[in-house]
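Colleague: Sequence below, structure please.
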Amino acid sequence: GTIPGDLFKGIKGQLNGTQAFQYTFEKCAGLTGYIPPELFAGVTYSGTYPTTGKGDMRDIFNAATGLATSCTPYGLTEYKTVFKPDWDNRVSCFKPEFSITTINMPANTSYKFTLGAAGNYIIDWGDGNVEQISKSNVTLTTYSHTYNTAGTYTIGLSGQATEYASDINPAAINFKENTKLAGISGSLGAIFPTLADGSQPRFRLMFNGCSNLSGTIPENLFEDINGAPITFMFSSAFRDCPKLTGPIPAGLFADISGSPASNMFNSTFYGCSSLTGLAARNGTGEFLHNIWPSASYGRNAYTGTNIEGLAYIPTTWGGGGQTLSAFTVTTTDTTTSFALKISAAGKFYVDCGADAPNRIIVINNETPVETTATCQWPNAATHTIKIAGVATGYSTDTNIAAISFANNTNLAGIEGSFGAIFRTIDDGK
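Modeller: Numbering: from 1, shown residues only. Next up, the predicted model:
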């Protein structure tokens, strides 16, 4: 089989020159494919290939005759030879983890972006030029390339970050206000993952102001990023990208968990006027702005988008696979205020609609206690209210209903299932 690219992931630093990887794959004639360029991304060693004495890489691939000596197309993406060390003519070939597409650029135009994470990287500039980078610090560094010929280019990036900045400003990678960026694909998390010590990358302002960035957001953009967030982690990451289309992928932040961090989602999708559909959720289906609704964590996260009202109600809750159905209430055409009472234990959502200043009301009853939710609107009109949740307990008082609209003369219509929200629970109640 092939050599896994992450086989030595987590091993990093300067080797000591005394046989660290000597003979590792010697005589493994059954190995096939290419030597992954990221195989030794975390380590540095003296010389290109010490062949004498006790060199770290001496005879590492000796007689491993099944490994490739040239690069060939792979699927829709061509592997590229990025270096050919004296490893018995074996080669390391490159397939990008993350790619960007440029606009149609004039001749003699440069393209640049910044890296703010230490690590080893490979940039395929898309015109036959491939650049290898060994970055030993977290200082923001600009990488630039000039294209002699007019055209549209696909720039590929691969590698492995080894350290992130503690300061909020150096994003791991940044294309801020780059109007030459037209599209993105692949995974940034594969290059900038959560490190073994729990260190997290920061993507603040990453695509902010990339006014020509179009298409959809890749579902796997932040894969391999997991655990507790850090301050400003995704703040303004996609801000003012009006040409981004489609829904925000449901699993975009699926593996982020734990306590919220200050400003982590502030203005993340601000001004993305062509985004539609559902808002971002975590791995158990909870919408992030409902889990961390405070202005300290996600102010203006969806301002200026076309996220649907129903998106503010989770589709699953608590990881138990329970599907939440919305019960819909329609008011009379003279309504400016509407109150309802929920007296069941559980977590419930009341969506008052886009024109209500207090749009989302969250009721979190640990015990069956009467809680009033009041929707208010600036103008008298017919309004639609959506209610969702899962009850976990009920009052034993026969005078208290699980939900009540009693004596509400502004109620004009109902649709959906109460039983889906206030169901018979496991203890038979």
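
Colleague: Can you name the residues in contact with stretch 232-243?
Modeller: Residues external to stretch 232-243 that are found in contact with it (CB atoms under 8 Å, 6 or more residues apart in numbering): 168, 200-214, 217, 244, 253, 261-274. All C-beta spots, glycine's among them, are computed from the backbone N, C-alpha and C.

Colleague: Identify the residue nearest Gly186 in space, chain neighbours excluded?
Modeller: Phe98 (4.1 Å; CB to CB, 6 or more residues apart in numbering).

Colleague: Any idea what the one you found is bridged to?
Modeller: For Phe98, the beta-bridge partners are Leu157, Gly186 (DSSP bridges).

Colleague: Can you tell me how far it is from Asp224?
Modeller: Plainly put, Phe98 is 12 Å away from Asp224 if you go by CB to CB, to the nearest Å.

Colleague: Would you mind listing where the chain has pLDDT under the threshold?
Modeller: For the chain, the stretches flagged by pLDDT under 70 are 17, 41, 44-55, 71-92, 277-297, 307-325.

Colleague: hmm, back to that, give the residues shared as contacts by Phe98 and Asp224.
Modeller: Common neighbours of Phe98 and Asp224, counting by CB under 8 Å, 6+ apart, are Ser187, Ala190.

Colleague: Comparing the two, which shows the higher neighbour count?
Modeller: Phe98 (22 against 17; other CB atoms under 10 Å).

Colleague: contact partners of the helix or strand containing Ile363?
Modeller: For Ile363, the host element (DSSP states H and E) is strand 360-365. If you take CB under 8 Å, 6+ apart as the criterion, strand 360-365 is touched by 290, 293, 312, 342-352, 371, 373-375, 389.

Colleague: repeat that with 6 Å
Modeller: Tyr312, Ile342, Ala345, Lys347, Phe348, Tyr349, Val350, Asp351, Thr371, Ala373 (CB atoms under 6 Å, 6 or more residues apart in numbering).

Colleague: Ok, stretch 215-223 next?
Modeller: Contact with stretch 215-223 is made by Gly183, Ser185, Ser187, Leu188, Gly189, Gly246, Pro249, as judged by CB under 6 Å, 6+ apart.

Colleague: which parts of it are buried?
Modeller: By 16 or more other CB atoms under 10 Å, the buried positions in stretch 215-223 come out as Ile217, Pro218, Asn220, Leu221, Phe222, Glu223.

Colleague: Starting from Phe253, give me the distance back to the most centrally placed residue in the chain.
Modeller: Geometric centre of the chain, nearest residue: Phe222, 3.4 Å, by CA atoms, centre = their mean. Phe222 sits 6 Å away from Phe253, going by CB to CB.

Colleague: about what we covered before: surely the residue nearest to Gly186 meets Leu188?
Modeller: Yes. Here Phe98 reaches Leu188: they are 5.3 Å apart, a contact under CB atoms under 6 Å.

Colleague: What's opposite the nearest residue to Cys210 once chain neighbours are set aside in the beta bridge?
Modeller: Nearest residue to Cys210, sequence neighbours excluded (CB to CB, 6+ apart): Leu181, at 4.8 Å. For Leu181, the beta-bridge partners are Thr102 (DSSP bridges).

Colleague: Number of residues surrounding Asn104?
Modeller: The burial count for Asn104: 11, using other CB under 10 Å.

Colleague: just Phe113 next, same as before
Modeller: Around Phe113 there are 20 other residues, counting by other CB under 10 Å.

Colleague: Wasn't it part of a strand?
Modeller: Yes. Assessed by DSSP: H, G, I helix; E, B strand; the rest coil, Phe113 belongs to a strand.

Colleague: residues contacting it?
Modeller: Phe175.

Colleague: With the one 5 residues further on instead?
Modeller: Remark: with contacts taken as CB under 6 Å, 6+ apart, Ala118 is in contact with Lys135, Ser136, Asn137, Val138, Thr162, Glu163.

Colleague: hmm, which two among these are most spread apart?
Modeller: For the contacts of Ala118, the farthest-apart pair by CB to CB is Asn137 and Thr162; their separation is 10.6 Å.

Colleague: what about these two, which has more around it?
Modeller: Comparing Asn137 with Thr162 by other CB under 10 Å, the one with more neighbours is Thr162, at 20 against 12.

Colleague: So Thr231 sits against Pro260, correct?
Modeller: No. Contact criterion CB under 6 Å: Thr231 and Pro260 do not qualify, at 9.9 Å.

Colleague: These two: who's more crowded?
Modeller: Pro260 (20 against 17).

Colleague: and that one, that one's in a helix?
Modeller: No. Assessed with three-state DSSP, Pro260 is coil; it does not lie in a helix.

Colleague: burial count for Lys12?
Modeller: Neighbours of Lys12 under the rule other CB under 10 Å: 19.

Colleague: swap that for Ser395, sorry
Modeller: The tally of other residues near Ser395 (other CB under 10 Å) stands at 17.

Colleague: Same check on Asn358?
Modeller: 12.

Colleague: Spell out which residues sit in contact with it, please.
Modeller: Applying CB under 6 Å, 6+ apart, no residues contact Asn358.

Colleague: Distance-wise, check it relative to Glu415.
Modeller: 23 Å.

Colleague: cool, Leu67 as well?
Modeller: Taken as CB to CB, the span from Leu67 to Glu415 is 64 Å.

Colleague: Does Leu205 touch Lys176 like I think?
Modeller: Yes. If you go by CB under 6 Å, Leu205 and Lys176 touch, sitting 4.9 Å apart.

Colleague: For stretch 345-357, C-alpha coordinates in CSV please.
Modeller: Output in CSV follows, covering the C-alpha atoms of stretch 345-357 (Å, rounded to 0.1, in the frame of the first residue of the first chain):
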residue,chain,number,x,y,z
ALA,A,345,-39.9,21.3,31.4
GLY,A,346,-37.5,21.3,28.5
LYS,A,347,-35.9,23.7,26.0
PHE,A,348,-38.2,25.6,23.5
TYR,A,349,-37.8,28.2,20.8
VAL,A,350,-40.3,30.8,19.8
ASP,A,351,-39.4,32.5,16.5
CYS,A,352,-41.4,35.7,16.3
GLY,A,353,-40.4,36.4,12.6
ALA,A,354,-37.9,38.7,10.9
ASP,A,355,-39.8,41.9,11.6
ALA,A,356,-39.8,41.4,15.4
PRO,A,357,-37.1,43.2,17.3
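
Colleague: Pull the residues that contact it.
Modeller: The contact list for stretch 345-357 (CB under 6 Å, 6+ apart) reads 309, 312-313, 342, 359-365, 367-368, 373, 375, 377, 383-393.
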